[in-house]
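Novice: turn this into a model:
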Amino acid sequence: MAHDLNLMFEGQLRTLFERLEAVFDSGYSRRIVDELQKQRLPVLLKAAELDSANNGTLFVPVLSFSEVLTPDAMMRMVWHGSRIGYSYLSIIDTASFGANKRPPYYIFGVDDGTLTAGMAYDKASNFLRKQDRKFLRPQELVSLAIHKSVFLEHNLIAGELNGNGHYTDLWMDAGAPSFSLIPKSASHPKWKYPSCLIR
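Specialist: Coordinates of the predicted model:
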């Protein structure tokens, strides 16, 4: 178990470094990865406490938006084959979610939206609350998509709302991953709401 978790940790950081280097220089990319490396021991200890059969992806590294790691820069690290992701959101848009300028961190017990498949927003919210799970935040949704192509068949919604009653949506737009803002009133049976147990 410990060996498998360590391999998972290393594999995620290799993927992240590759994606960062495609957008930024090696020095900046290495600094981000080094910050996450320092969290190895507590991440592996926390993950070992979780039941992988019931908690989806045990952990996912998260990068927060900033003047450098803008939503568009982050989405350029989300790939589908040769297609590179893009964002309709600006750093000002994500600021309304409190999604900006936090050091790199990890989320645990990450469900890709399977638990809420086919649910409307209010039903998904109530269901996750009873399961003691939390909607993913916008930066967490993009970070998940860097590591798992879970957006190919379903729109993924970061269910945390901003002050204007909007949430963020990661979806396939003409064959490329895209990131946008939509009102809470919008819904579709194929939308999913990813969640985590711990952040």
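Novice: tell me where the protein has strands.
Specialist: In the chain, the strands defined using DSSP state E lie at 57-62, 79-80, 83-84, 86-87, 105-110, 134-135, 156-158, 166-173, 176-183, 195-196.
Novice: now mean pLDDT too, for these, in JSON lines please.
Specialist: Listed next are these as JSON lines, based on pLDDT from 0 to 100:
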{"stretch": "strand 57-62", "mean pLDDT": "94"}
{"stretch": "strand 79-80", "mean pLDDT": "93"}
{"stretch": "strand 83-84", "mean pLDDT": "94"}
{"stretch": "strand 86-87", "mean pLDDT": "94"}
{"stretch": "strand 105-110", "mean pLDDT": "96"}
{"stretch": "strand 134-135", "mean pLDDT": "94"}
{"stretch": "strand 156-158", "mean pLDDT": "89"}
{"stretch": "strand 166-173", "mean pLDDT": "89"}
{"stretch": "strand 176-183", "mean pLDDT": "91"}
{"stretch": "strand 195-196", "mean pLDDT": "95"}
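Novice: buried residues, stretch 26-33. List them.
Specialist: For stretch 26-33, the neighbour count (16 or more other C-beta atoms under 10 Å) marks 29, 32, 33 as buried. In short, each C-beta sits where N, CA and C put it, glycine included.
Novice: same question, stretch 95-110
Specialist: Those buried within stretch 95-110 under the rule 16+ other C-beta under 10 Å are 96, 97, 99, 100, 104, 105, 106, 107, 108, 109, 110.
Novice: what is the end-to-end distance of it?
Specialist: Stretch 95-110 has an end-to-end distance of 23 Å (C-alpha to C-alpha, to the nearest Å).
Novice: returning to what we had before: closest one to residue 10 out of the buried residues of stretch 26-33, please.
Specialist: residue 33 (10.7 Å; C-beta to C-beta).
Novice: and the two most separated of the buried residues of stretch 95-110?
Specialist: Going by C-beta to C-beta, the pair spanning those furthest: 96 and 109, at 26.5 Å.
Novice: just name the closest of the buried residues of stretch 95-110 to residue 38, please.
Specialist: The closest of the buried residues of stretch 95-110, once distances to residue 38 are taken by C-beta to C-beta, is residue 104, at 9.4 Å.
Novice: lovely, talk soon.
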